[in-house]
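*Asks:* structural data only, the sequence is not supplied:
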Ligand SMILES: CC(C)(COP(=O)(O)OP(=O)(O)OC[C@H]1O[C@@H](n2cnc3c(N)ncnc32)[C@H](O)[C@@H]1OP(=O)(O)O)[C@@H](O)C(=O)NCCC(=O)NCCS
């Protein structure tokens, strides 16, 4: 079974991560949508993400998905709130019947070390270099993923990651991170999990 993680968050929200090992035809048969994406890998990831919406909610009307001016996918009747992510051979999706959601998956790579100064504030660097974990590519990938999940949850673009998404602390016992999002003046809880070198983060509020 290519599902590597499935989680019923509550009565109205659930998420799944899938390891993509099938050919494109597997997904197109299951969801009957066409993609105009020319890059084969990106097209496969895109189709796998939409396929997961139906794994989570068999009645999910995948063909009704529209894209906002900020590239956020949505359903015009708002029957479901949802978010999609893909990275390498993995795809993930979250669906909620009543709350806005954002999901992200990221594979740890050293590339994050080069851009960490662009998305982490001085205060965040201080907080996380004093945590129990080494402030290395793995932790920085988690922090990047957390900000991407918030960005997708917000969905309206124009977010300054360094200034407007302030990660505050890890609660390791609960696998959560506290966050203040100044754009909407909201305190958010980001949930996270690690599967070897793959990080999963999600937000709902
Ligand atoms: C759009 C973005 C979030 C995608 O993230 P990514 O890690 O490259 O790719 P992922 O696979 O995780 O996510 C892609 C999915 O996000 C969703 N998505 C795209 N734009 C979105 C938006 N504005 N809001 C919510 N979801 C969005 C789509 O479902 C997309 O998949 P699909 O095209 O197959 O439907 C990212 O490219 C981006 O723009 N981030 C913001 C960068 C930024 O502003 N940085 C400034 C500080 S350094």
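*Replies:* Okay, I see it. In this text the structure is predicted, and so the values were computed from the model without any measurement.
*Asks:* that's a helix at residue 169, yeah?
*Replies:* No: counting by DSSP: H, G, I helix; E, B strand; the rest coil, residue 169 is not part of a helix but strand.
*Asks:* so how far is residue 97 from residue 82?
*Replies:* As judged by CB to CB, to the nearest Å, residue 82 and residue 97 stand 10 Å apart. In this view, the C-beta of every residue, glycine as well, is placed from N, C-alpha and C.
*Asks:* got it, and residue 29?
*Replies:* For residue 29 relative to residue 97 (CB to CB), the value is 27 Å.
*Asks:* who has more neighbours out of these two?
*Replies:* Each of residue 29 and residue 97 has its neighbours counted (other CB atoms under 10 Å); residue 97 has more, 14 against 11.
*Asks:* tell me the pLDDT of that one.
*Replies:* We have a pLDDT of 97 for residue 97.
*Asks:* begin at 23 from here
*Replies:* With the count now opening at 23, the last piece we talked about shows up as residue 119.
*Asks:* check contacts around the residue lying closest to it once chain neighbours are set aside.
*Replies:* Spatial nearest neighbour of residue 119, chain neighbours left out: residue 34 (4.0 Å); criterion: CB to CB, 6 or more residues apart in numbering. Applying CB atoms under 8 Å, 6 or more residues apart in numbering to residue 34 gives the contacts 118, 119, 120, 121.
*Asks:* rerun at 10 Å
*Replies:* 102, 103, 117, 118, 119, 120, 121, 226 (CB atoms under 10 Å, 6 or more residues apart in numbering).
*Asks:* can you name the farthest residue from the center of this structure?
*Replies:* Residue farthest from the centre of the chain, counting by CA atoms, centre = their mean, is residue 152 at 25.8 Å.
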